[in-house]
Structures are given as structure tokens and as C-alpha cells.
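Colleague: quick check, what structure comes out for this input:
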Amino acid sequence: MTAWRVPVALAALALAGCTSTVDGAASAAAVSVGGTRVADYAAGQQHRTTSVDYAESPPVGGPHDPQWADCTGTVYAVVIRPENAVHSLEHGAVWVTYDPDVASAEDVATLTELVEGRSGLFLSPYPDQAAAVSVQAWNHQLRTASAADPRIGQFADLLTYNPETTPEPGATCENPGFAADPPTS
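Modeller: Predicted coordinates:
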């Protein structure tokens, strides 16, 4: 008689990936990775389908697109919309970016090795950022001169799906349609 409850419960969980109103309790928690900049975006930011003028570049929070970027260890070869990336940050992901005009091929290979296949991480080029490499989580950013900086891995380990800093803990990172054809503008 209770056999039907398990599939119903699983379906409900699958559909609960994201809502316009968020009940998360993320805060600008202290982090132990030196050089991390901390912002103060509250949970429950608005969904927008238009471009957002963010205070940080790359952004670390704020209003964002209703569709999140796939963050299941995805390596993007193209620049993705920051509005989609910020939504992934809200889900607890860490977005690793590099300036394609500054980062070396070795940097990109090192970052790809860090990210590829690791749930909660995604990598993309981000032209004209303030450093060769930058890593973002909700309310947190670390900029480095190269991918060899050990703080990048420390940042990812500390902040990926961190329940203290994630506005939507438990939200999915999967979005295969986005990964297959990411919007770039």
C-alpha cells in the first residue's frame, strides 16, 4: 500500500529544483581562504530574463535568469551569460572563470582538470576580468594570477554546496539542455 509513496516523493523532489521565492538562509559567512572577497547578497533574489548590471565582474550574486547553467563539472568553451551562472551559484555551485587573453593554455588545462566531471563546479571563459583566473560562489570571489594557485582548490572544496553559504541548498545543478546549447547573450 505504501509502494506508490516513494515514486511520488521522488517526483516531488525532482520538481523542487528551483522556485522564484527561496527559503534559504545563506549569509556572508566567514571563509578561511585568504584573499577571498565577500559580498552580501540576500537569498531570494529576483528572476529576470533580461541582462543584469552586476557590481562584480564576474558576478557573485544578485538577480539572475530563471534558467541555471549546468554545473555538473561542465567545461564551457564559450562565454556563458552571467545571469545563468549566478543562478547556479544560488544552487551552491562554484563558477571558475578565466580571461582567455591572459590565462595560458596550461592554466586552462589545469582548471579543466579541477572542474571536469565534478558536481557543483563549472568552468567558462570570461573576457576582461580583473585576473587571469577567478572563482565565484554565492557572495564569494577569489582572483588569482594563475591556475597553479592552491587557493583555487581550497575555495572550491570549502564553498561547493556549502549549506552555510548556499541560498538554495539541495537544488539541482543538472541542466543538460543548457550544457548542450548554452545561451551566450
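Colleague: Provide the secondary structure category for Asp157.
Modeller: Using DSSP: H, G, I helix; E, B strand; the rest coil, the structure places Asp157 in helix.
Colleague: surely Ser51 is in a strand?
Modeller: No: the assignment for Ser51, made by three-state DSSP, is coil rather than a strand.
Colleague: wait, what's in contact with it?
Modeller: Going by C-beta atoms under 8 Å, 6 or more residues apart in numbering, Ser51 touches Glu83. Bear in mind the C-beta positions are built from the backbone N, C-alpha and C, glycine included.
Colleague: over to Asp128?
Modeller: Counting by C-beta under 8 Å, 6+ apart, Asp128 has contacts 57, 99, 101.
Colleague: how close does it sit to Trp68?
Modeller: 23 Å (C-beta to C-beta, to the nearest Å).
Colleague: next one: Ala93
Modeller: Distance from Ala93 to Trp68, by C-beta to C-beta: 8 Å.
Colleague: and for those two, which residues touch both?
Modeller: Common neighbours of Ala93 and Trp68 (criterion: C-beta under 8 Å, 6+ apart): Cys173.
Colleague: these two - which one has more neighbours?
Modeller: Ala93 (31 against 27; other C-beta atoms under 10 Å).
Colleague: doesn't Gly120 make contact with that one?
Modeller: Yes: counting by C-beta atoms under 8 Å, Ala93 does reach Gly120; the two are 5.1 Å apart.
Colleague: residues shared between the contacts of these two?
Modeller: Contact with both Ala93 and Gly120 is made by residues 71, 160-161, 173, according to C-beta under 8 Å, 6+ apart.
Colleague: looking at those residues, which has the most residues close by?
Modeller: Busiest of these [other C-beta under 10 Å] is Cys71, holding 30 neighbours.
Colleague: name the SS class of Asp107, please.
Modeller: From three-state DSSP, the assignment for Asp107 is helix.
Colleague: count residues in the vicinity of the nearest residue to it once chain neighbours are set aside, would you?
Modeller: Closest residue to Asp107 apart from its sequence neighbours, by C-beta to C-beta, 6 or more residues apart in numbering: Ala147 at 3.9 Å. Neighbours of Ala147 under the rule other C-beta under 10 Å: 22.
Colleague: before we move on, what about the one 4 residues further on?
Modeller: Other residues within reach of Arg151, judged by other C-beta under 10 Å, total 16.
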